[in-house]
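Chemist: next comes the sequence, and after it the predicted model I'd like to discuss.
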Amino acid sequence: GDELELIRPSVYRNVARQLNISLQSETVVTDAFLAVAAQIFSAGITWGKVASLYSVAAGLAVDCVRQAQPAMVHALVDCLGEFVRKTLAPWLRRRGGWTDVLKCVVSTEPGFRSHWLVAALCSFGRFLKAAFFVLLPER
């Protein structure tokens with residue numbers, strides 16, 4: 001999310017341009033995303049890398065919408081879900097699920113919400129909400 005983008009804007013903004021891909025084909029978008037995901041986790045899985053993966057997906061989804069390709073967001077959401085199911089689910093299960101991320105955030109200060117991982121998780125929540133509304137059938 002927002003915090004990761006503030007820390008490293010060159011990584012999480014204009015993702016499609018950085019990957020040098022056209023957003024006209026689902027296959028191109030999903031293949032590029034899976035290549036990035038494989039690279040992120042090539043040396044193992046950590047909560048920071050999980051947050052980064054969702055931030056890359058969010059950045060790519062923003063690019064899709066900005067380039068008038070909102071249908072690509074559907075493919076991206078499906079691709080991300082499949083990657084999590086196939087690659088991250090066993091790691092998540094061994095840690096007791098998604099709530100294990102809370103162990104990474106240790107703060108005795110009242111500014112708990114200012115921790116980068118909490119901000120990343122809040123951004124992830126906003127991403128899910130946005131994906132829900134994009135995927136919601138029109139009536």
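Modeler: The structure has been received and is ready for your questions. Numbers count the residues shown, from 1 in each chain.

Chemist: for residue 63, report the pLDDT, please.
Modeler: Reading off the confidence values, residue 63 has pLDDT 89.

Chemist: ok, residue 139 next?
Modeler: At residue 139, pLDDT is 42.

Chemist: flag the shaky bits of this protein, pLDDT-wise.
Modeler: 1-6, 8-10, 12, 105-139 (pLDDT under 70).

Chemist: just the helices in it please.
Modeler: 2-7, 9-12, 15-19, 26-40, 47-66, 71-83, 89-94, 116-135 (DSSP state H).

Chemist: what's the domain layout of the chain?
Modeler: What the record gives for the chain is the domain set 26-108, 111-138, from the TED database.

Chemist: so which of the ones you listed is the most packed in?
Modeler: domain 26-108 (a mean of 16; mean count of other CB atoms under 10 Å). C-beta coordinates here come from the backbone N, C-alpha and C atoms, glycine included.

Chemist: residue 15 touches residue 66, doesn't it?
Modeler: No. Counting by CB atoms under 8 Å, residue 15 does not reach residue 66; the two are 10.9 Å apart.

Chemist: quick one: residue 46 from residue 100, how far?
Modeler: Using CB to CB, to the nearest Å, we find residue 46 at a distance of 11 Å from residue 100.

Chemist: how close does the closest residue to residue 19 other than its chain neighbours get to residue 14?
Modeler: In this structure, residue 19 finds its nearest non-sequential neighbour in residue 32, 4.8 Å apart by CB to CB, 6 or more residues apart in numbering. To residue 14, residue 32 is 13 Å away according to CB to CB.

Chemist: same check on residue 70?
Modeler: Going from residue 70 to residue 14 by CB to CB gives 18 Å.
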